[in-house]
Every structure is written in C-alpha cells, then in structure tokens.
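K.L.:
Give me a 3D structure for the following:
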Amino acid sequence: MKKTGAKILGVLMVLSLVLCLNSAIALANTGEVSIYLGNNANSLATYDTNDLEGFGTTAAYDYSSYNCKDYQYHYFTAYGPELEQVLTAALNGSGVSLSQITSVKILDIGADGTEGTSDDFSKTISKSDLFGTRYYIDSNQNYVVVPAIIATEFGDLGGTISSTDCLRNFYGQTSATEAVMGNWVKNISKIRLYQ
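P.N.:
As a prediction, this is how the structure comes out:
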C-alpha cells in the first residue's frame with residue numbers, strides 16, 4: 001500500500017510540474033511584435049526576436065531616466081535594433097511612409113492576448129518625441145545621443161543583460177530630470193502607427 005501511495009504521489013507531482021510549466025509558457029511573451037497601421041486588424045509585419053536582431057542597426061545602448069516614484073536616477077543597457085528602422089521596414093509597400101506618421105502606440109496586450117482589456121498596458125508617444133534628439137545622461141551629466149530601440153535584452157548599467165520582460169522599448173531623455181521610463185513598455189506585442 002505504501003508503494004502505491006508513493007507512486008500516486010509521484011504521478012501527481014509530475015502532473016503538477018507539467019501544468020505549471022505549461023501555464024508559465026502560456027503567459028510568457030511570445031518574443032514577437034506585430035506592427036499595424038492605425039486600428040487595422042491586419043498587421044503590416046510581424047518580427048520575432050531573431051528578425052529584430054537581424055536589423056543592421058542592432059546594437060547595445062545605454063539609457064537613463066529620472067524616476068518620480070523613488071526620486072532616483074536609473075541607468076540601463078539595452079540591446080536591440082533602432083525602432084525607426086523597424087517601423088520603416090514594416091511600412092515598406094504599404095503606401096505610407098514614416099514621415100506621414102504622427103504618433104506611435106506601443107502595447108503589451110496582457111496575458112489574455114486580447115487588445116482592449118483591463119490587463120493591457122500601452123503608451124502613445126508622438127513621433128517627434130520618440131525620434132527627436134534624445135540622450136543617455138550619465139551621473140556626471142554627460143549627454144550622449146541615443147536612438148529609440150526595441151530591446152531584445154536589457155539590464156542595469158554594468159550588470160548582466162537578459163531577455164526578461166522583453167521586447168521592450170527604450171528611448172532617451174531631453175533633460176536630466178525627464179522621467180521617460182514610464183513610457184518604456186515591457187513585453188511589447190503590438191505597435192500601432194497613426195497618421
């Protein structure tokens with residue numbers, strides 16, 4: 001009887017592990033982003049992590065932001081392609097150029113996978129803010145121009161970078177007191193371009 005109970009317990013533990021792993025996989029970001037023109041249902045393009053890392057502008061950049069919640073400066077290193085190149089490629093053949101776009105909505109559509117529900121998180125940023133001259137501002141107040149990117153990996157400055165919570169957008173500051181990190185969306189799954 002003890003052997004039967006131990007076998008049943010072992011089977012239950014294996015089943016629990018399988019269910020937990022499947023749940024984690026279902027909730028994990030797919031590592032791909034679909035780009036849409038306005039509120040159209042059909043995407044212009046979908047890029048996975050490998051596609052994004054294949055863009056010619058993929059590199060590591062440093063980013064900074066003031067955080068209004070803890071009144072501290074935060075510094076990160078992020079790796080990925082320039083967002084401008086990704087969006088230009090997606091628009092290719094659509095009859096619309098990036099110069100006609102006025103704002104960019106970056107979305108994490110949440111665990112349920114449906115846009116427009118309560119677990120969504122999104123930020124709409126004007127194109128001029130996103131692609132204007134922006135900086136990484138180090139602790140000595142040195143300004144280095146950085147592009148807006150879609151990060152496939154990131155981490156604290158000087159630390160290890162990983163793909164946790166990526167795809168994620170990063171862009172720089174215009175001044176040392178600008179709190180841009182509130183506009184950095186993690187687990188990006190959609191980008192909508194508006195004219």
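
K.L.:
Report pLDDT for the most centrally placed residue in the chain.
P.N.:
Among the residues of the chain, the one closest to the centroid is Arg168, at 1.6 Å (CA atoms, centre = their mean). Looking at Arg168, its pLDDT reads 95.

K.L.:
Wait, it touches Met181, no?
P.N.:
No: using CB atoms under 8 Å, Arg168 is not in contact with Met181; the gap is 10.5 Å. Bear in mind the C-beta positions are built from the backbone N, C-alpha and C, glycine included.

K.L.:
before we move on, back to that, and the residue nearest to the centre of the chain, how close does it get to Ala179?
P.N.:
Distance of Arg168 to Ala179, given as CB to CB, to the nearest Å: 16 Å.

K.L.:
before we move on, what about Leu52?
P.N.:
For Leu52 relative to Ala179 (CB to CB), the value is 26 Å.

K.L.:
How about Leu87?
P.N.:
Taking CB to CB, one finds Leu87 at 24 Å from Ala179.

K.L.:
pretty sure Ser64 is touching Ser175, no?
P.N.:
No: assessed by CB under 8 Å, Ser64 is found out of contact with Ser175, at 10.7 Å.

K.L.:
So for the two, which sits in the more crowded spot?
P.N.:
Ser64 (23 against 9; other CB atoms under 10 Å).

K.L.:
what do Ser64 and Ser175 both touch?
P.N.:
Any residue near both Ser64 and Ser175 by CB atoms under 8 Å, 6 or more residues apart in numbering counts here, and that gives Ile137.

K.L.:
what's the pLDDT at the closest residue to Gly159 other than its chain neighbours?
P.N.:
Once flanking residues are discounted, Gly159 sits nearest to Thr77: 7.7 Å by CB to CB, 6 or more residues apart in numbering. Looking at Thr77, its pLDDT is 98.

K.L.:
Can you spell out which helices and strands pack onto the host helix or strand of Thr77?
P.N.:
Using DSSP states H and E, Thr77 falls within strand 72-80. Contact here means 3 or more CB pairs under 8 Å, 6 or more residues apart in numbering; DSSP states H and E; on that basis strand 72-80 packs against strand 59-67, strand 149-151, strand 153-156, strand 168-170.

K.L.:
Pick the most deeply packed of those.
P.N.:
Each of these was scored by mean neighbour count; the highest is strand 149-151, a mean of 28, by mean count of other CB atoms under 10 Å.

K.L.:
which residues are contacting it?
P.N.:
Against strand 149-151 from outside (CB under 8 Å, 6+ apart): 33, 52, 61, 78-83, 86, 166-171, 188.

K.L.:
before we move on, the earlier item: out of Leu52 and Ala179, which sits in the busier spot?
P.N.:
Legend: neighbour count by other CB under 10 Å for Leu52 and Ala179, higher for Leu52 (22 against 14).

K.L.:
centre of the chain versus the one helix or strand the more buried one maps to, how much separation?
P.N.:
Using DSSP H and E, Leu52 sits in helix 49-53. The chain centre lies 13 Å from the centre of helix 49-53; the measure is CA atoms, centre = their mean, to the nearest Å.

K.L.:
Many thanks, we can stop here.
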